[in-house]
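K.L.:
Everything below, folded, please.
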Amino acid sequence: RERERNVETAGEISSAPFRGGGGQSTTAQLVCGMARLSGNGLEKDVSKAVDMFTRAAEAGLADAQFFLALLEFQGLGVKQDREAAMKWLKKAAEQNHVQKYILFFACWWFVGVFDTHTHT
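P.N.:
Numbers count the residues shown, from 1 in each chain. Predicted structure coming up:
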């Protein structure tokens, strides 16, 4: 429990200046979400990781959008939804994250989430 408290505190302290509207900042949500996803520093809980990534992703954090997309694409901790995953990958890619561009287009090309015949 002490280790969990240290991880949560570290996430909050490292991003305290960016906090808005109460609660943890987007960076703290990302840090704690990663710890929940891996079980490194916090009890492993993929559903809680999804919740944390979702809050940070909705606030515009590209890395959280990326992790949320991966979880939604695979259906880990959340119902599998490849269209939602592509939406998050696209949002992350639009922030000039090269890795996310590559993954977005690989998924689009190989999985065919979008109907390419409807796009002009």
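K.L.:
any idea which helix or strand carries the residue lying closest to Asp63 once chain neighbours are set aside?
P.N.:
Excluding the flanking residues, the one nearest Asp63 by C-beta to C-beta, 6 or more residues apart in numbering is Leu30, at 5.8 Å. All C-beta atoms are positioned from the backbone trio N, CA, C, and that covers glycine. Under DSSP states H and E, the secondary-structure element containing Leu30 is helix 26-38.
K.L.:
Going toward the C-terminus from that helix, what's the next helix or strand?
P.N.:
Per DSSP H and E, the helix or strand that comes after helix 26-38 is helix 46-58.
K.L.:
Alpha carbons only: can I get that next one in CSV?
P.N.:
The C-alpha trace of helix 46-58 is given here as CSV (Å, rounded to 0.1, in the frame of the first residue of the first chain):
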residue,chain,number,x,y,z
VAL,A,46,-7.0,-2.7,-16.4
SER,A,47,-10.5,-1.2,-15.9
LYS,A,48,-9.1,1.5,-13.7
ALA,A,49,-6.3,2.1,-16.2
VAL,A,50,-9.0,2.6,-18.9
ASP,A,51,-10.8,5.1,-16.7
MET,A,52,-7.6,7.1,-16.1
PHE,A,53,-6.5,7.0,-19.8
THR,A,54,-10.1,8.1,-20.8
ARG,A,55,-10.0,11.2,-18.6
ALA,A,56,-6.6,12.2,-19.8
ALA,A,57,-7.5,11.4,-23.5
GLU,A,58,-10.6,13.5,-23.3
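K.L.:
and it with helix 26-38, angle?
P.N.:
150 degrees (axes from the mean of the first three to the mean of the last three C-alpha atoms, to 10 degrees).
K.L.:
Could you pull up the mean pLDDT of stretch 88-96?
P.N.:
Stretch 88-96 carries an average pLDDT of 84.
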